[in-house]
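Peer 1: coordinates only, no sequence provided:
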């Protein structure tokens, strides 16, 4: 029975975190520790908060961040998870606090950071120092973007909202703070310091926290990467004990420093050039193209330098660009299997326009345009059958004799080396 219960609990927490679908766990090593920063409080306002919360000393406000060392990932969920036969409850408590409450809660606040409306700050400034959990920006653009799924056996947010600890039962399968945002929302994405806010806590003592983080890979336009890649970090702990935490996230050293990436149309192709100042653990690069920033196709791939502290230059040609704006990005694959994406570049591609004259024609036709771009020119009847054809050589084709063709309409087809073609219609009068 115990084994069955564990399996059911594992299935339930996966459903809470992920919803439906198939998921991979990738070794991208997204999580890079916890940082905690103190938010200054005006002494007079701190005294007001002390009275309201029933603290025995002046309170201090702390913001806790999850550090990440990967671009194009989001912190999707914070939870307590049942793993490997051991329960890891989601915890936040202040065991050394001696006042009436452990955490300050304003009357306008809520368990989630996007519940509190900042409009209250003008008339109730202490509300800005409310204690809450969140994912990313504490006031998300979409108030429904952060969701709270409590453990059915116990809702620890009830006690937390009353000023107590957030502490689930030891055998709990864990509650979930999760994010479901519509693209191009960047709610759970790192800021400029490679961090994501997970909560703000106001207390007059030393608090301890514990939980599990779920990270999800994104595309460059902040849509969900498919197949869905999930990175889990179990049983993360944090504390504002002096000397036990860092204020800033560790400096991020990405495996590759891309100093230049260009996409330039040229005749019937797009030339792609990128340079790296240094590389560590890089296995290969793929160039990907999209017309809508949603569906990406691989143009080609090339081995990477792997390890180098000098500049490397890479070049690739897209021989089959689409008419219109083509978007390009680099997919960097490291030796440990992790994946990174570059910024996106665009190239406007237009086919050469050719003119056929005279039209109508009775004897011969001439062509205007850069004929060195085509491999052959042919004339087809309206049933699609080739009636005349010439291959292009070192001296481009200039004219066609049409005086032996029957009266009627024909296609003049300019064929490119990649097999694409451009057609125009002529009338033969004779």
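Peer 2: Structure received. Since the structure is predicted, the reported quantities are computational estimates derived from the model, not experimental observations.
Peer 1: can we go C-alpha only for contacts and neighbour counts from here?
Peer 2: Fine.
Peer 1: need the strands for the stretch 251-400 of the chain, in chain order.
Peer 2: For the stretch 251-400 of the chain, the strands defined by DSSP state E, counting those that start in this stretch cover 256-266, 269-279, 282-290, 297-303, 312-318, 324-334, 339-341, 345-349, 355-357, 364-368, 376-380, 386-391, 399-401.
Peer 1: quick one: residues in contact with the fourth one.
Peer 2: With contact meaning C-alpha atoms under 8 Å, 6 or more residues apart in numbering, strand 297-303 is reached by 283-290, 316, 318.
Peer 1: mind giving me a markdown table with the residues you listed and columns for neighbour count and distance to residue 270?
Peer 2: Formatted as a markdown table, the contacts of strand 297-303 follow (neighbours: other C-alpha atoms under 10 Å; distance: C-alpha to C-alpha, whole Å):
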| residue | neighbour count | distance to residue 270 |
| --- | --- | --- |
| 283 | 18 | 24 |
| 284 | 16 | 20 |
| 285 | 21 | 17 |
| 286 | 20 | 15 |
| 287 | 22 | 12 |
| 288 | 20 | 12 |
| 289 | 24 | 11 |
| 290 | 20 | 13 |
| 316 | 17 | 9 |
| 318 | 19 | 5 |
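Peer 1: the strands in the stretch 51-200 of the chain, which residues?
Peer 2: Under DSSP E, counting those that start in this stretch, the stretch 51-200 of the chain gives strands at 60-68, 73-79, 81-83, 86-88, 91-93, 132-133, 146-149, 166-167, 176-179, 195-203.
Peer 1: between the ones you listed, which one is closest to residue 278.
Peer 2: Closest to residue 278 of the strands of the stretch 51-200 of the chain is strand 60-68 (C-alpha to C-alpha; 21.0 Å).
Peer 1: just the angle between that closest one and strand 73-79, please?
Peer 2: Inter-element angle recorded for strand 60-68 and strand 73-79: 120 degrees (by axes from the mean of the first three to the mean of the last three C-alpha atoms, to 10 degrees).
Peer 1: mean confidence for strand 60-68?
Peer 2: For strand 60-68, mean pLDDT is 94.
Peer 1: what's the angle between it and strand 195-203?
Peer 2: Going by the same axes, to 10 degrees, strand 60-68 is angled at 160 degrees with respect to strand 195-203.
Peer 1: would you give the sheet partners of strand 60-68, along with the direction of each?
Peer 2: Here strand 60-68 is paired, per DSSP bridges, with strand 31-39 (antiparallel), strand 195-203 (antiparallel).
Peer 1: residue ranges with poor pLDDT in the stretch 101-250 of the chain?
Peer 2: Filtered on pLDDT under 70, the stretch 101-250 of the chain yields the residue ranges 140-144, 171.
Peer 1: and residue 163, how far from residue 287?
Peer 2: 53 Å (C-alpha to C-alpha, to the nearest Å).
Peer 1: same question, residue 344
Peer 2: Using C-alpha to C-alpha, residue 344 is found at 11 Å from residue 287.
Peer 1: overlap in contacts, these two.
Peer 2: 328-330.
Peer 1: with respect to residue 370, which of those is nearest?
Peer 2: residue 328 (26.7 Å).
Peer 1: how about that closest one: what's its closest non-neighbour residue?
Peer 2: What sits nearest to residue 328 in space, not counting adjacent residues and going by C-alpha to C-alpha, 6 or more residues apart in numbering, is residue 289, at 4.6 Å.
Peer 1: and for the residue nearest to residue 278 when sequence neighbours are not counted, the neighbour number?
Peer 2: With C-alpha to C-alpha, 6+ apart as the criterion, residue 278 has its nearest non-adjacent residue at 4.5 Å, and that residue is residue 309. Other residues lying near residue 309 total 10 when counted by other C-alpha atoms under 10 Å.
Peer 1: give the contact list for residue 309.
Peer 2: Contacts of residue 309 (C-alpha under 8 Å, 6+ apart): 277-279.
Peer 1: do the same with residue 213
Peer 2: 75-79, 232-234, 236.
Peer 1: please repeat the previous calculation with a cut-off of 10 Å.
Peer 2: For residue 213, the residues meeting the contact criterion (C-alpha atoms under 10 Å, 6 or more residues apart in numbering) are 31, 66, 75-81, 176-178, 198, 231-236.
Peer 1: partner residues bridging residue 308?
Peer 2: Applying DSSP bridges to residue 308 yields these beta-bridge partners: residue 279.
Peer 1: do the one 5 residues further on as well
Peer 2: Following DSSP bridges, residue 313 is listed with bridge partners residue 275.
Peer 1: count of neighbours near it?
Peer 2: Counted with other C-alpha under 10 Å, residue 313 comes out at 15.
Peer 1: equivalent analysis for residue 49, please.
Peer 2: 26.
Peer 1: quick check, it in a strand?
Peer 2: No. Using DSSP: H, G, I helix; E, B strand; the rest coil, the assignment for residue 49 is helix, not a strand.
Peer 1: ok, it touching residue 127?
Peer 2: Yes. Between residue 49 and residue 127 there is a contact at 9.1 Å, judged by C-alpha atoms under 10 Å.
Peer 1: intersection of neighbour lists for these two?
Peer 2: In terms of C-alpha under 10 Å, 6+ apart, residue 49 and residue 127 are both contacted by the residues 104-106.
Peer 1: break this protein into its domains for me.
Peer 2: Following automatic domain parsing, the chain resolves into domains at 2-239, 256-349, 355-428.
Peer 1: pull the distance from the last one to the chain's centre.
Peer 2: This means domain 355-428. 48 Å (C-alpha atoms, centre = their mean, to the nearest Å).
Peer 1: quick one: end-to-end length of that domain, please.
Peer 2: Terminal residues of domain 355-428 lie 16 Å apart, using C-alpha to C-alpha.
Peer 1: quick check: mean pLDDT of it?
Peer 2: So the average pLDDT for domain 355-428 ends up being 83.
Peer 1: pretty sure residue 397 is touching residue 371, no?
Peer 2: Yes. Between residue 397 and residue 371 there is a contact under C-alpha under 10 Å: 7.1 Å.
Peer 1: residues bridging contact with the two, i.e. touching both?
Peer 2: Jointly contacting residue 397 and residue 371 under the rule C-alpha under 10 Å, 6+ apart are residue 377.
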